[in-house]
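> The sequence isn't on hand, but the structure is:
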């Protein structure tokens with residue numbers, strides 16, 4: 001096999017450089033070393049001058065990266081000499097790889113794949129058993145809502161079945177018997193009303209456990225009267241005679257002048273307010289209580305033979 005001569009001037013030996021010799025371990029290595037020195041000794045040019053070496057500008061010279069030998073030898077070969085193990089055809093040094101920047105997509109894919117193999121640090125809370133108190137509260141809430149829903153359905157069914165209506169209050173008749181001013185500003189009067197209580201329901205009975213009527217003149221309270229409790233059957237009407245005695249009620253100068261003017265004209269205005277506590281009975285198993293409020297505006301003629309001329313009554317809950 002033939003050895004290829006070194007062409008790089010940097011690896012050629014110089015005459016002034018000392019030659020490093022290493023102890024040999026075999027005759028075969030010494031023989032190869034002598035033959036290599038004889039063959040690589042450059043011929044002298046005529047005139048005894050040293051052979052000129054081609055200089056490479058340092059600015060344009062690029063050193064090749066050193067190659068690491070994959071063979072473990074017992075001795076170290078000096079620069080410019082080749083060991084017998086490398087007598088085969090030399091391989092060209094591959095050019096240094098061009099490092100290209102990874103694209104953002106490949107970098108993101110790599111990070112994602114790495115993260116996917118990492119164990120997750122987020123863990124759900126450990127399962128806990130429900131306490132008995134929580135079960136009791138949940139059962140109570142469920143029972144409460146069941147009662148509310150069932151009660152609402154029952155009320156709806158009862159309302160659609162009985163169609164309950166509020167009782168009505170009205171004034172059928174009124175008499176203005178007497179009225180005069182004592183000492184010029186104290187009112188004394190005698191007024192009688194025929195009150196009418198009616199039950200418009202055909203399937204519901206109504207009881208009046210509390211009933212009171214108040215009499216006003218120009219928004220001034222002048223008398224009150226209590227009515228005894230009574231009951232109204234289905235579609236029944238009850239009349240009550242209510243007698244008001246007005247005694248020593250102080251009126252202002254303006255109200256005194258207005259009363260005299262109305263008595264002279266024959267049209268005196270009064271207001272009647274009613275408050276009633278009623279109870280409706282739906283059949284024989286269900287009943288409920290509520291308050292009723294009545295407001296009436298009446299007009300009567302002057303005393304002593306005053307009669308009812310006009311009325312307007314409103315009853316509401």
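Arrived safely. Since the structure is predicted, the reported quantities are computational estimates derived from the model, not experimental observations.
> separation between residue 161 and residue 188?
Between residue 161 and residue 188 the distance, using C-beta to C-beta, to the nearest Å, works out to 53 Å. Glycine gets a C-beta too; all of them are placed from N, C-alpha and C.
> So which residues of this structure form strands?
Remark: strands of the chain, listed N- to C-terminal, are 168-182, 186-198, 204-217, 220-227, 230-232, 237-250, 268-282, 286-300, 306-316; assignment by DSSP state E.
> Can you tell me which of the ones you listed is nearest to residue 132?
strand 286-300 (37.9 Å; C-beta to C-beta).
> quick one: that closest one to strand 268-282, angle?
170 degrees (axes from the mean of the first three to the mean of the last three C-alpha atoms, to 10 degrees).
> So for residue 161 and residue 188, which sits in the more crowded spot?
The residue with the greater number of neighbours, taking residue 161 and residue 188 and applying other C-beta atoms under 10 Å, is residue 188; the counts read 15 against 11.
> Just the pLDDT for that one.
At residue 188, the pLDDT value in this model is 93.
> In this structure it contacts residue 248, no?
Yes - distance between residue 188 and residue 248: 6.6 Å, which falls inside the contact criterion (C-beta atoms under 8 Å).
> Overlap in contacts, those two.
Common neighbours of residue 188 and residue 248 are listed as residue 182 (criterion: C-beta atoms under 8 Å, 6 or more residues apart in numbering).
> Select the longest helix from the protein.
Among the segments of the chain that qualify as a helix by DSSP state H, the longest is helix 132-162.
> what comes up buried for that helix?
By neighbour count, and taking 16 or more other C-beta atoms under 10 Å as the criterion, the buried residues in helix 132-162 are 158, 162.
> Quick one: mean pLDDT over it.
Mean pLDDT, computed over helix 132-162, is 91.
> Just put the strands of the chain in JSON lines and tack on distance to residue 133.
Below are the strands of the chain laid out as JSON lines (distance: least, C-beta to C-beta, whole Å):
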{"stretch": "strand 168-182", "distance to residue 133": "54"}
{"stretch": "strand 186-198", "distance to residue 133": "54"}
{"stretch": "strand 204-217", "distance to residue 133": "45"}
{"stretch": "strand 220-227", "distance to residue 133": "54"}
{"stretch": "strand 230-232", "distance to residue 133": "50"}
{"stretch": "strand 237-250", "distance to residue 133": "56"}
{"stretch": "strand 268-282", "distance to residue 133": "40"}
{"stretch": "strand 286-300", "distance to residue 133": "36"}
{"stretch": "strand 306-316", "distance to residue 133": "47"}
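> Of those, which is nearest residue 155?
Each of the strands of the chain was checked against residue 155 via C-beta to C-beta, and the shortest separation belongs to strand 286-300, namely 9.3 Å.
> which residues touch the closest one?
Strand 286-300 is touched from outside by 158, 166-167, 169-171, 174-176, 191, 193, 267-282, 306-317, with contacts defined as C-beta under 8 Å, 6+ apart.
> any idea of the angle that strand forms with strand 186-198?
130 degrees.
> Please name the strands paired to strand 286-300 in the sheet, noting orientation.
According to DSSP bridges, strand 286-300 forms sheet pairs with strand 268-282 (antiparallel), strand 306-316 (antiparallel).
> buried ones in the last one?
Okay, so that is strand 306-316. Judged by neighbour count (16+ other C-beta under 10 Å), strand 306-316 contains these buried residues: 306, 308, 311, 313, 315.
> how about these in TSV, adding pLDDT?
Putting these into TSV (pLDDT from 0 to 100) gives the following:
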residue	pLDDT
306	89
308	94
311	94
313	95
315	94
